[in-house]
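S.K.: I would like to see how this sequence folds:
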Amino acid sequence: MAYMLPIHEIIFRSVPKMLASRNPKLASGAFIAFWGLVLLPSCWNWSFPERLLNEDSGARDPDSADSGGAGGGDQLGGQAGSIVPGNGGTGGLGGGGMAGQSCPAGCSDRLRPACGSDGVCRPCAAHNECPAGLCALDGTCPAESSIAFVNANCASGTVEDGSRTKPFCGLLAAQNDARPFLMLAAGTHRPATITNDHQIYGSPGARVSGSGCEAIAVKDAAEVVMVGLTFQSGVQVDGQGARLTLIGNTVGPSDCVGIEAKGSSQLVAGRNYITSNAKGGIFVDAAGSDIVNNIIAGNGSAETAWGGVWLKPAGGQNFVNNTVVDNRAKASNKEEVGGVYCAGAANLLNTILWANTFGKASPPPGQQWAGACTIRSSLIQVQSGGGVDPGNLSDDPLFVGQPAGTPAAYHLTRSSPAVDKGSPIGAPNVDYDAEARSDGKPDIGADEI
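M.R.: All right, here's what the predicted structure looks like:
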């Protein structure tokens with residue numbers, strides 16, 4: 001695997017701050033102008049992905065000048081298969097801590113609140129490195145007064161004020177709270193519609209699930225970031241000005257579409273494992289989307305119209321270094337495709353499309369993509385009745401394959417033909433695991449060797 005970047009090297013900062021403006025005219029005008037330049041054929045030299053979030057937008061810690069917002073922050077290494085803050089010993093950058101170290105002034109600089117094993121203060125990398133138990137995406141430790149704590153279940157008559165000792169009982173109770181950060185305890189949380197700006201973090205074992213297909217619905221121009229959760233019903237963002245950022249989550253299994261973005265909203269999805277959603281993985285209809293470094297696997301079925309991804313973007317689109325594999329649809333007809341269907345013009349870069357199928361035959365025929373997709377520097381399995389466009393590969397990606405049903409199964413072996421074959425122009429600096437990509441020779445797909 002590649003070496004791990006320091007936290008401050010993987011902060012999302014590259015999208016201009018004007019894109020996060022709550023002024024609709026400024027935001028929409030800036031968005032169109034910026035993406036118009038990005039998507040010109042000669043201008044694929046763009047550095048999206050790992051620096052999407054804006055440091056000065058959305059919810060903020062009132063007790064701290066620069067703690068990022070519901071649309072801003074850093075990506076962190078953490079639990080295996082994600083970039084979320086860890087809890088020490090859970091993988092990624094979760095090791096180390098403040099105890100037993102000797103650092104200047106006890107690491108009082110809020111930008112470097114944790115003491116490293118080398119005795120040098122650094123950004124936090126695990127929730128247990130912060131006094132309030134929450135390490136934010138930008139590597140800072142929010143003040144406890146800016147965090148609302150949320151339990152999944154509460155005893156009848158429990159007094160709730162969102163403090164650590166009297167946590168809210170469920171997201172519905174917490175979502176109107178003025179505090180910018182929500183910390184969800186382990187357990188199964190009930191669905192909620194979010195209409196206010198928040199950064200929402202999950203403790204290990206925190207999941208959101210319900211009987212319908214809206215575990216989370218972001219609406220009313222809310223800007224919401226969700227990190228380190230498992231969703232077992234659909235996640236939706238809908239409406240002008242609404243923005244949902246999903247970082248390091250597991251979406252699925254469910255009987256729903258995993259993620260939906262509609263109605264001129266904005267979806268940002270990075271380093272998520274989107275799997276086993278019976279009605280499809282990601283659906284984007286008339287919304288902006290930035291979809292990067294995700295593993296989209298095992299979605300759809302022989303009864304669904306599409307399997308992995310359905311794209312009809314509006315207001316800006318980016319689909320880079322994703323692994324779309326083992327998804328299934330019922331037939332190869334119009335948008336009925338196992339892999340990726342582009343209902344409108346969409347660009348796919350450095351992406352693996354493999355073993356996506358359609359129909360009920362055994363074995364089912366392959367169908368990797370259809371529609372108005374432009375695919376560059378990618379690895380695509382040869383489709384039924386067709387070939388692969390020049391500039392793309394068609395060899396077996398040689399995934400690790402184990403453990404089955406986990407993100408690790410879709411990591412690359414060292415002999416994979418995808419190694420060093422991606423385009424550096426437009427590639428992210430880090431991969432699914434928040435590990436550095438090769439400078440100048442990135443791998444194709446979500447994983448970097």
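
S.K.: In terms of secondary structure, what does the helix or strand where residue 291 lies contact?
M.R.: Assessed by DSSP states H and E, residue 291 sits inside strand 282-292. For strand 282-292, the elements it packs on are strand 259-262, strand 266-270, strand 309-320, judged by 3 or more Cβ pairs under 8 Å, 6 or more residues apart in numbering; DSSP states H and E. For the C-beta atoms, the positions are set from N, CA and C on the backbone; glycine is no exception.

S.K.: Could I get the buried residue list for the shortest one?
M.R.: In this case it means strand 259-262. 259-262 (16 or more other Cβ atoms under 10 Å).

S.K.: same question, the longest one
M.R.: Taking 16+ other Cβ under 10 Å as the neighbour-count basis, strand 309-320 is seen to contain the buried residues 309-320.

S.K.: May I ask which of these comes out lowest in pLDDT?
M.R.: Lowest-confidence member of these: residue 315, scoring 72 (pLDDT).

S.K.: check contacts around the residue nearest to it when sequence neighbours are not counted.
M.R.: Nearest residue to residue 315, sequence neighbours excluded (Cβ to Cβ, 6 or more residues apart in numbering): residue 288, at 4.1 Å. By Cβ atoms under 8 Å, 6 or more residues apart in numbering, the contact list for residue 288 reads 31, 35, 261, 264-267, 313-317.

S.K.: ok, 7 Å please
M.R.: Residues touching residue 288, when contacts are defined by Cβ atoms under 7 Å, 6 or more residues apart in numbering, comprise 31, 266, 313-317.

S.K.: Flag the shaky bits of this structure, pLDDT-wise.
M.R.: Scanning the chain for pLDDT under 70 picks out 1-101, 104-105, 332-335, 361-364, 384-388.

S.K.: Bridging across strands, which residues link to the residue nearest to the spatial centre of it?
M.R.: For the chain, the residue nearest the mean C-alpha position is residue 270 (2.7 Å; Cα atoms, centre = their mean). Judged by DSSP bridges, the bridge partners of residue 270 are residue 247, residue 292.

S.K.: Also residue 122?
M.R.: Partner residues in beta bridges with residue 122, using DSSP bridges, are residue 114.

S.K.: how far away is it from residue 418?
M.R.: Plainly put, residue 122 is 32 Å away from residue 418 if you go by Cβ to Cβ, to the nearest Å.

S.K.: now swap in residue 222 and tell me
M.R.: As for residue 222, its distance to residue 418 is 37 Å (criterion: Cβ to Cβ).

S.K.: Could you check which of the two is surrounded by more residues?
M.R.: For residue 222 versus residue 418, neighbours defined as other Cβ atoms under 10 Å are more numerous around residue 418 (27 against 24).

S.K.: number of nearby residues for the nearest residue in space to that one that is not next to it in sequence?
M.R.: On the basis of Cβ to Cβ, 6+ apart, the spatially nearest residue to residue 418 that is not a chain neighbour turns out to be residue 444, at 3.9 Å. Applying the criterion other Cβ under 10 Å, we find 30 residues in the vicinity of residue 444.
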